[in-house]
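Visitor: Sequence unavailable; structure follows:
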RNA sequence: GCGCCCGUAGCUCAGUUGGAUAGAGCGUCUGCCUUCUAAGCAGAGGGUCGGGAGUUCGACUCUCCCCGGGCGCGCCA
């Protein structure tokens, strides 16, 4: 509701200024530092003062006096040197937030039931009422995309949790989202494990099949892959030869190496799915590289790239025989190219420029001189498919035994299975990939642009994030030996190759145990399914919140103590506020107090009736009740937090919101005893407010993929 | 060498397009459980926002320079 009011205020101010002064400007709004300064403020008069060459305060006074009434805003005052401070109609804010989504503005004067800017559909799990909405924007979110040759580690969890949360946010804001998980089942990483089984472990295909059926196969491969890395470093020539042969077999899908690779990749993918399901993360499509190869996606893309002149065959120079894409991204990059050209010219003229890169270095090789395509080339083909621009499609089959209620599909070269949905053809694509791949993602977008797909290049969103590393203390705790240099650094990067890192399942299990222990202590009688469900909600809540509360470009230096914490700015803190609310509801219900369930609140004529307005207003404006209004204001600001999160592509804004709402509630909880409130009307209102807080906080947590608990 | 990111309280981090007195959590210290669950609340202490110049009515935020740290730049993926 807060966002709705801001938009109304912003529009009204802009229009008023245009009419009164003939000035068109962007009205900036901010949250005042203190509640007594109102709920929204604008420094727009400072900007206006510059244009009109008049004192900002005088302009502010003029505007405050002449501004027409704005829906939901009680008054606008002048403050400081020329701020315009808006004060909300508090009772109306309560009613409007409760009624949010219905499109009705309660208490509207003059215009009965006038529609306010309707909020998008609340995030119902199944499309409850979608017919009245405008067409949803179709987007693809690709996340997780772990190489299927070892167990998932904590860095993969950050990827999946970020991606999954973005999916939830996009669905909540009326997007048609397809979640895809890219499986590089024919790459060197799988090949390496195949080689390790064959050469180092001397395992037959049948033996590997047996191992792959075991539940700890991903852990086994984790260790094996680390050993393989060492094995390859011992003899680079041997490594190159083995890799070449094995990779060729796997890519062509022929021979025992190919079959073993498929067994390994499929088994590991299933284990990854199981791991992610523990955190309520699911997918709709597994897009596999084997199909990109066998359905000749690259060939189609290659033809387009050649035909459009986006890539060219180099006849001479260091890239002779390669197809390269010239690097010429947008105007702001041209400067760099120019600089490089100048340097290049200087070098040619014999001037001292020993290490300057030449123009040639900016070109990106797409096809090697031996005719094989690079990773980026395949990625361009895949990205074209995502936008429906390739002119080819995968075939689809059901993925067997996938966790979760929804059907999971995988690509195949076989004919479509009946019931296969349409994938691809999105308007926007989010690729959740860590920030180290920024350059390659730029090349992919540049490829689309070079093909004349400027809009799709623009809508190719590299949803980047910083890595998860381990603190040296954590590394030591896990028994890893660090070099003296590493031990001094603030963090050490995890590495699947080296087998260095915290495995996802280990971490989840450890958090589950910690949560269970805590719940047992507080509720000795709780057992069975209830205990498991509670511990699970708390563990997942702690972990997801931990990974989401920092902004994307912050490196997480992982430490068990931080992750396991359940105090302060954590998931369990937010969950605890809900538990308290539910405790009040239960007890209130037992005592037969009115409005003790959220289902009653919404349809309750009492609190939302016009005759309740004065009483509610009195409570919200009453001396000593600032914290009540503060709580309500927070409760009504979910839309604002979500819009900011979507706009900045920053899920951390939602964790911040959830924490602040929980904090406002805890503050309120200690000052106001609800069930013993003597004034029946006030008690009813406080109960109503509490239920509203619960609804908003639960919704915020749903967006974060965190479940609320009944007790903890 | 070129490019990108980071530097805010003892520690870990917020600070949305430039806006009012720079915030939170953890840790430290002091209080608060016979009243809706103390995984909580209240209070105290803690800052040259890496340094310097500039733009602006106004800079943690924008520009330039410098210092310190990380990452990327391959006919690997």
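Guide: Arrived safely. Quick caveat, the model's predicted, so the values are computed rather than measured.

Visitor: count of neighbours near residue A:136?
Guide: The number of residues packed near residue A:136 is 18, by other CB atoms under 10 Å. C-beta: built from backbone N, CA, C; applies to glycine.

Visitor: Check what pLDDT it gets.
Guide: The score at residue A:136 is 87. That number is its pLDDT.

Visitor: That one contacts residue A:176, correct?
Guide: Yes. At 4.0 Å, residue A:136 and residue A:176 qualify as touching, with contact defined as CB atoms under 8 Å.

Visitor: And the helices in the stretch 101-250 of chain A?
Guide: Applying DSSP state H, counting those that start in this stretch to the stretch 101-250 of chain A gives helices spanning A:154-172, A:188-195, A:205-212, A:217-234, A:236-252.

Visitor: Can you tell me which residue is spatially central in chain A?
Guide: Chain A has residue A:166 as the residue nearest its centroid, 3.1 Å off, counting by CA atoms, centre = their mean.

Visitor: residues in contact with residue A:397?
Guide: By CB atoms under 8 Å, 6 or more residues apart in numbering, the residues touching residue A:397 are A:409, A:410, A:411, A:412, A:414, A:416, A:417, A:420.

Visitor: Can you name the residues bridging to it?
Guide: With DSSP bridges as the criterion, residue A:397 is bridged to residue A:410.

Visitor: Span of stretch A:205-225 from start to end?
Guide: 17 Å (CA to CA, to the nearest Å).

Visitor: wait, I meant stretch A:16-35
Guide: 25 Å.

Visitor: Is that stretch in proximity to RNA strand B?
Guide: Yes. Using CB under 7 Å from any atom of the strand, stretch A:16-35 reaches RNA strand B at A:26, A:28, A:29, A:30, A:31, A:32, A:33, A:34.

Visitor: The closest residue to the fifth one other than its chain neighbours - how many residues pack around it?
Guide: Distance criterion CB to CB, 6 or more residues apart in numbering; nearest residue to residue A:31, sequence neighbours excluded, is residue A:40 at 6.8 Å. Residue A:40 has 21 neighbours, counted by other CB under 10 Å.

Visitor: how much space between residue A:40 and residue A:66?
Guide: 19 Å (CB to CB, to the nearest Å).

Visitor: and what of residue A:699?
Guide: Distance from residue A:699 to residue A:66, counting by CB to CB: 39 Å.

Visitor: Which one's more surrounded, those two?
Guide: residue A:699 (18 against 10).

Visitor: Can you check the pLDDT for that one?
Guide: Residue A:699 is given a pLDDT of 96.

Visitor: Tell me how far it lies from residue A:317.
Guide: On the measure of CB to CB, residue A:699 and residue A:317 end up 58 Å apart.

Visitor: Please apply the same query to residue A:401.
Guide: With distances taken as CB to CB, residue A:401 is found 52 Å from residue A:317.

Visitor: same question, residue A:66
Guide: 70 Å.

Visitor: neighbours of residue A:70, just the number please.
Guide: Using other CB under 10 Å, residue A:70 has 18 neighbouring residues.

Visitor: The nearest residue to it once chain neighbours are set aside: what's it in contact with?
Guide: Among residues not flanking residue A:70 along the chain, residue A:12 sits closest, at 4.7 Å (CB to CB, 6+ apart). By CB under 8 Å, 6+ apart, residue A:12 lies in contact with A:67, A:68, A:70.

Visitor: Quickly find the element holding residue A:12.
Guide: Residue A:12 belongs to helix A:2-21 when assigned by DSSP states H and E.

Visitor: Show me how far stretch A:504-511 is from its chain's centre.
Guide: Distance, stretch centre to chain centre, for stretch A:504-511: 21 Å (CA atoms, centre = their mean, to the nearest Å).

Visitor: Please see if that stretch touches RNA strand B.
Guide: No. Using CB under 7 Å from any atom of the strand, stretch A:504-511 never reaches RNA strand B; the gap is at least 10.5 Å.

Visitor: so for that stretch, what's the average pLDDT?
Guide: In this model, stretch A:504-511 has a mean pLDDT of 96.

Visitor: which outside residues touch that stretch?
Guide: Here stretch A:504-511 makes contact (CB under 8 Å, 6+ apart) with A:151-154, A:156-157, A:218-219, A:275, A:278-279, A:539-540, A:542-543, A:560, A:563-564.

Visitor: For the stretch 551-700 of chain A, which segments are assigned as strands?
Guide: With strands called from DSSP state E, counting those that start in this stretch, the stretch 551-700 of chain A shows them at A:556-558.

Visitor: As a check, name the ranges of all helices in it.
Guide: Under DSSP H, counting those that start in this stretch, the stretch 551-700 of chain A gives helices at A:560-564, A:571-590, A:598-603, A:605-608, A:613-621, A:626-635, A:638-648, A:652-671, A:680-703.

Visitor: Now do the first one: which elements does it pack against?
Guide: In terms of contact count using 3 or more CB pairs under 8 Å, 6 or more residues apart in numbering; DSSP states H and E, helix A:560-564 is assigned the packing partners helix A:504-522, helix A:528-548.

Visitor: Quick check: which of those helices is buried the most?
Guide: helix A:528-548 (a mean of 21; mean count of other CB atoms under 10 Å).

Visitor: Return the distance of that one from the chain's centre.
Guide: 19 Å.

Visitor: just stretch A:30-48 next, same as before
Guide: The mean C-alpha position of stretch A:30-48 is separated from the chain mean by 31 Å, CA atoms, centre = their mean.

Visitor: model confidence over that stretch, on average?
Guide: Averaging pLDDT along stretch A:30-48 yields 91.

Visitor: Likewise for stretch A:188-201?
Guide: For stretch A:188-201, mean pLDDT rounds to 95.

Visitor: Buried ones in that stretch, by neighbour count?
Guide: A:188, A:189, A:190, A:191, A:192, A:193, A:194, A:195, A:196, A:197, A:198 (16 or more other CB atoms under 10 Å).

Visitor: Name the residues that touch stretch A:287-300?
Guide: Here stretch A:287-300 has contacts from A:142, A:180-187, A:251, A:253, A:262, A:373, A:377-378, A:381-382, A:385, A:390-392, A:394-395, A:410-413, A:423, using CB under 8 Å, 6+ apart.

Visitor: restrict those to contacts with RNA strand B.
Guide: Subset of the contacts of stretch A:287-300 in contact with RNA strand B: A:184, A:187, counting by CB under 7 Å from any atom of the strand.

Visitor: Going through the contacts of stretch A:287-300, which ones are buried?
Guide: A:142, A:180-187, A:251, A:262, A:373, A:377-378, A:381-382, A:385, A:390, A:394, A:410-412, A:423.
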